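Undergrad: I would like to see how this sequence folds:
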Amino acid sequence: MSKPLTPFQRHLLFFSTPTHPTRLTLYSSLRAALSLGLDFPVALILSLSLRMLYAPYPHVFRPINVERIPASRQRSQISHAMLVKEKYTCGELLKLLKSENGNGKGFVNDKINQGHVVGFWAMAADARTNRVRREDVERFQDGEWAGGPIWVSGHSSVVRKVLGVRVYEGA
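TA: Next up is the predicted model:
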């Protein structure tokens, strides 16, 4: 029997193949990032970053078993932070991260975690208020939040034809 997935591992399921065990590939993460509405260069950078962070060298192009990513290498989902407000700014989310992590696990790891939280905020925040709803933060904490588009791009038809990902159709 396998161990239950952590919130971060559940988050990665969105970017993974629907196989057992669940595997993260460059193609699966690229397709998932594009389905969120990220522009191709941003989606490619995200996909390559996942490879660099979680694929053991020299096996950079082998699929990554999501269940085997050690807790020490996982990103923070601010899972243990107590939510007391109905909406959160980016700065408030970063304060929750800091209170959860204390002194952190090193400068680079702290910056990667901050980028992860800022990326969530960038996709979830209301464009008028720049705040994220508590419900979205709770889904992020549970690893169940898959996101939404950062911006609408003009190349969705190319993405559909080349990779079979449908973005912004009927919008």
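Undergrad: got the domain boundaries for the chain?
TA: The chain is divided into the following domains under automatic domain parsing: 1-74+150-171, 78-142.
Undergrad: Pick out the shakiest of these, pLDDT-wise.
TA: Mean pLDDT per stretch puts domain 1-74+150-171 lowest among the domains of the chain, at a mean of 80.
Undergrad: now the strands for the protein?
TA: Taking DSSP state E, the strands of the chain run over residues 23-24, 64-65, 87-88, 132-133.
Undergrad: now for the last one, which elements pack on it?
TA: Think strand 132-133. If you count contacts as 3 or more Cβ pairs under 8 Å, 6 or more residues apart in numbering; DSSP states H and E, strand 132-133 packs onto strand 87-88, helix 107-124. (Each C-beta comes from the backbone N, C-alpha and C, glycine too.)
Undergrad: List the strands paired with it, with their directions.
TA: Here strand 132-133 has these sheet partners by DSSP bridges: strand 87-88 (antiparallel).
Undergrad: Contacts made by the partner strand with the rest, please.
TA: Contacts with strand 87-88, where a contact means Cβ atoms under 8 Å, 6 or more residues apart in numbering, come from 96, 121, 126, 129, 131-134, 137.
Undergrad: just stretch 55-65 next, same as before
TA: Stretch 55-65 has contacts (Cβ under 8 Å, 6+ apart) with 17, 21-26, 50-52, 54.
Undergrad: how about 6 Å then?
TA: 21, 23-25, 51, 54 (Cβ atoms under 6 Å, 6 or more residues apart in numbering).
Undergrad: And stretch 68-80, by the same measure?
TA: Here stretch 68-80 has contacts from 7-8, 54, 96-97, 100, 113, 116, 140-141, 143, using Cβ under 6 Å, 6+ apart.
Undergrad: how about it: buried residues?
TA: Buried residues in stretch 68-80, counted by 16 or more other Cβ atoms under 10 Å: 69, 74-78.
Undergrad: Check those and tell me the two furthest apart.
TA: Within those, two members stand farthest from each other by Cβ to Cβ: Ile69 and Ile78, at 18.0 Å.
Undergrad: sorry, back to before: out of the contacts of stretch 55-65, which two sit at the greatest distance?
TA: So, the contacts of stretch 55-65 by Cβ to Cβ: farthest apart are Pro21 and Arg51, at 17.5 Å.
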